[in-house]
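Visitor: Whatever this is, show me its structure:
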Amino acid sequence: GLAGPLGSLHAVPHGVVCGLLLSEVNKALLKEAPKGSLFLTKMERVANLWGVDGVEGLLGYLENLTRLANLPRLSTYGFTKEELTTIGRQNLKRNSPVELASELVVEILHSLL
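Guide: Presented below is the predicted three-dimensional model:
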């Protein structure tokens, strides 16, 4: 639910935002997901299909993909810490399998500057 609002502020490609968020948001979702949740079960299935060692292996795989993509940081597109704080504090969980605290979302966004 973050790519749209970010794209409405600056001319940043949707795929760039999604790529930047992929690893960090999934890391947060996996950390916050309750044990036995459907989300964890699905992520374990993805890890198995991708041939990686559990959700930790999946996170490593996603981190590597993000690193290999060498995507430009959000600051490249003119984003400021204040803008990202405002967006991160909005309730943008659109279909998110796990609710993340707004402070955590802000922290993730700031890390992408």
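Visitor: Now F39: which helix or strand?
Guide: Assigning secondary structure by DSSP states H and E places F39 in helix 38-50.
Visitor: Could you list the residues in contact with that helix?
Guide: By C-beta atoms under 8 Å, 6 or more residues apart in numbering, the surrounding residues in contact with helix 38-50 are 26, 29-30, 33-34, 53-55, 57-58, 61, 97-98. For the C-beta atoms, the positions are set from N, CA and C on the backbone; glycine is no exception.
Visitor: out of the residues you listed, who has the most neighbours?
Guide: L58 (21 neighbours; other C-beta atoms under 10 Å).
Visitor: the helices in the chain, which residues?
Guide: 3-9, 14-32, 38-50, 54-69, 81-88, 102-111 (DSSP state H).
Visitor: Reformat those as TSV; add mean pLDDT and distance to S75.
Guide: Output for the helices of the chain, formatted as TSV (pLDDT from 0 to 100; distance: least, C-beta to C-beta, whole Å):
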stretch	mean pLDDT	distance to S75
helix 3-9	92	12
helix 14-32	95	11
helix 38-50	96	30
helix 54-69	95	16
helix 81-88	95	9
helix 102-111	96	11
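Visitor: Next, the contact list for the residue nearest to the spatial centre of the chain, please.
Guide: Centre of the chain computed as the mean C-alpha position; nearest residue by C-alpha atoms, centre = their mean is V25, 2.6 Å away. Neighbouring residues of V25 by C-beta under 8 Å, 6+ apart: L2, L100, I108.
Visitor: And for the first one, the neighbour number?
Guide: Here the count is done by other C-beta under 10 Å, and L2 has 23 residues near it.
Visitor: Next, work out how far apart it and E56 are.
Guide: Between L2 and E56 the distance is 24 Å, computed by C-beta to C-beta, to the nearest Å.
Visitor: Then V105?
Guide: Computed with C-beta to C-beta, the distance linking V105 and E56 is 22 Å.
Visitor: neighbour-wise, which of these two wins?
Guide: Legend: neighbour count by other C-beta under 10 Å for V105 and E56, higher for V105 (25 against 11).
Visitor: ok, and the closest non-adjacent residue to that one?
Guide: Once flanking residues are discounted, V105 sits nearest to G88: 4.1 Å by C-beta to C-beta, 6 or more residues apart in numbering.
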